[in-house]
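*Asks:* no FASTA, just this:
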Ligand SMILES: Nc1ncnc2c1ncn2[C@@H]1O[C@H](COP(=O)(O)OP(=O)(O)OP(=O)(O)O)[C@@H](O)[C@H]1O
């Protein structure tokens, strides 16, 4: 028995429990706790002063249970380790139990394990209320809702040095299959822990849905496009006929239904004004950026994107190495790729670049894309991927500027966790391995830290990846497209980029033209306007003229933002100058000569994009739930700054004089998704 877990007020605690249950002395006691104590005493016949002895399953029985929930454990492992790291407290355990309170997986430090084991806190032990009295896991199971059980809330005196918080984990059918719990010695910040637990449970549920419905079309949606592909998004899984087979919690919440059963079995067009085929087509045409869809009753607009089932898009693990591709051109194993025009790339120079890029890539030569920020380098890289022999493989994009520096390495190479309990844990598959059989797109490669450049070079040379924390190497076979808005050769000259890596990446270099240089501006404007509106929308001549002559320092990304705002402001009417307030600010004063566009002006430093369409952000974006007034305000200010800096996070961080990591944390807290930069 360790001293550490002995409660200070042992004698009084038992008295207090008896007094509350038998004598009705409940002052200061939470109702949930009082009811749980009553169950423990009257139903389970437990004695608060006795030693808790939760039974522990034998190896066989435990293995059976773990096997039954193997996909839940798999989905939870990494998230639990991440949560443990976030909590950064050695005297904390993150625990997963099954629906009967059996501990299936535990992440903690060896020291805390040694303290917890004597009270039966170990893998295989049953921590429901009947066995362990009032406690986070057991009481959460009994109530089927999030709970915090602080020290003296525990039933057993022996457990009153611990504080636990626990939340239910549901499967895609809405059943509570597990409980996720944080147990620690510290009684502080339970609200904070509950929020983190809730987020982690959602991530686990989303992963579980992905795993169980790999053969279904995933549909991601939210009322706000920038929240698609974040934790807040709604997710549906649709079969080939467009019938809903599963829905995550956020989908239920956004669609205003109680349980997945209210949606499952219904066709997509009974929920949204779109069939699966429509939405697939529109998603593809929009390069898999969210497109607007309306609820069937027309009352609410959402932004949604869908794609082929993961099982179909499985990386085609070509046995041939990339070198072999050079000698033997591979026949595309995919349906014909959309034409350049369908991908929004009908400018003559871009069409030419696409043809060159495709040829070069098919021969196993890496491509480097140069171009201003927002010019569409990623969209171009995706179009290349879709035309390539590896189109059935995954397209995996990594933005080296938007991942905090400390995370780039694990993000790219993956890692094998295991630092915490020593249990066998698979860790995270890095982006490079995810791109096996497909395309790896390294955006803003110039921002990759020097020491990682050496590792990347090795992967490119050896075509093998070694995840962090392991000795194992995995063969990997992908085509590589990288992009930068900076001149990499200048970075080489400054010693900030490895010359050998530069030559390895830039098999050939293609320049993606700025929007102002593109000859297909008119088509692009029409196309994005239609995507944003969900249907064709008339554009008045003076508005078109302004859009055509604007300098577009933020390129297509800025164009999309401006048109999104215009669609919202026009509210179904034709788009006129009054719907383009952010551009009107740049119009010459009446009487002044209209500035002709000049390349010098284009190259000059860009003045901050005046204000956003006056009032646009506040009007268009009601603050997300959970933010208080000050945070909402702070959020608007950051959104405007991001706009001014064309969503370049590094520049915003510089402007605010904070580190990128700090800014990322802030953005995350304020629910601003920066990876989705549409
Ligand atoms: N051809 C296109 N059709 C429709 N939308 C486009 C097209 N090209 C770019 N966009 C829009 O512009 C946004 C920015 O595009 P993309 O991310 O490809 O630019 P980028 O050059 O990679 O930007 P950065 O340099 O900041 O990484 C996209 O999210 C998309 O909404």
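*Replies:* Sure, I can see it. Source: prediction; values computed, not measured.

*Asks:* CA only for contacts and neighbour counts going forward, please
*Replies:* Noted.

*Asks:* name the element the closest residue to the ligand within the stretch 501-650 of the chain belongs to?
*Replies:* Proximity to the ligand, evaluated over the stretch 501-650 of the chain using C-alpha to the nearest ligand atom, is greatest for residue 557 at 3.5 Å. For residue 557, the host element (DSSP states H and E) is helix 555-570.

*Asks:* can you list contacts of that helix?
*Replies:* 372-376, 514-516, 525, 528-529, 532-533, 552, 575-576, 579-580, 582, 613, 616, 620, 646, 677-678 (C-alpha atoms under 8 Å, 6 or more residues apart in numbering).

*Asks:* Show me what counts as buried in it.
*Replies:* 555-569 (16 or more other C-alpha atoms under 10 Å).

*Asks:* I'd like the distance from it to the chain centre, please.
*Replies:* Offset of helix 555-570 from its chain centre (C-alpha atoms, centre = their mean, to the nearest Å): 24 Å.

*Asks:* Which SSE is immediately downstream of it?
*Replies:* In N-to-C order, the element after helix 555-570 by DSSP H and E is helix 581-584.

*Asks:* by contact count, what packs against that next one?
*Replies:* Counting contacts by 3 or more C-alpha pairs under 8 Å, 6 or more residues apart in numbering; DSSP states H and E, helix 581-584 packs against no other helix or strand.

*Asks:* How about the stretch 151-300 of the chain: which residue is closest to the ligand?
*Replies:* residue 286 (5.8 Å).

*Asks:* is it true that that residue touches residue 531?
*Replies:* Yes - in this structure, residue 286 is within contact of residue 531 by C-alpha atoms under 8 Å, at 7.1 Å.

*Asks:* And the two? Which one has more around it.
*Replies:* residue 531 (23 against 20; other C-alpha atoms under 10 Å).

*Asks:* longest single helix anywhere in the chain?
*Replies:* helix 190-212 (DSSP state H).

*Asks:* Is residue 352 in a helix, a strand, or coil?
*Replies:* Three-state call for residue 352 (DSSP: H, G, I helix; E, B strand; the rest coil): helix.

*Asks:* quick one: it from residue 647, how far?
*Replies:* 29 Å (C-alpha to C-alpha, to the nearest Å).

*Asks:* Who has more neighbours out of those two?
*Replies:* residue 647 (22 against 13).

*Asks:* helix, strand or coil for the more buried one?
*Replies:* Classified using three-state DSSP, residue 647 is coil.

*Asks:* Now it. Its backbone dihedrals?
*Replies:* In terms of degrees, to the nearest 10, the main-chain angles of residue 647 are phi 60, psi 30.

*Asks:* Same question for residue 261.
*Replies:* phi -60, psi -30.

*Asks:* what do you get for residue 121?
*Replies:* Dihedral angles for residue 121 - degrees, to the nearest 10 - are phi -90, psi 90.

*Asks:* now swap in residue 370 and tell me
*Replies:* Per degrees, to the nearest 10, the backbone of residue 370 is at phi -110, psi 150.

*Asks:* Per-residue confidence, the residue nearest to it when sequence neighbours are not counted, what does it come out as?
*Replies:* Take residue 370 and drop its neighbours on the chain: the residue closest to it by C-alpha to C-alpha, 6 or more residues apart in numbering is residue 511, 4.8 Å away. With respect to pLDDT, residue 511 has a value of 92.

*Asks:* what's residue 511 in contact with, if anything?
*Replies:* 369-371.

*Asks:* Please, where are all the helices along the stretch 151-300 of the chain?
*Replies:* 190-212, 249-255, 276-285 (DSSP state H, counting those that start in this stretch).

*Asks:* Cool, thanks, talk later.
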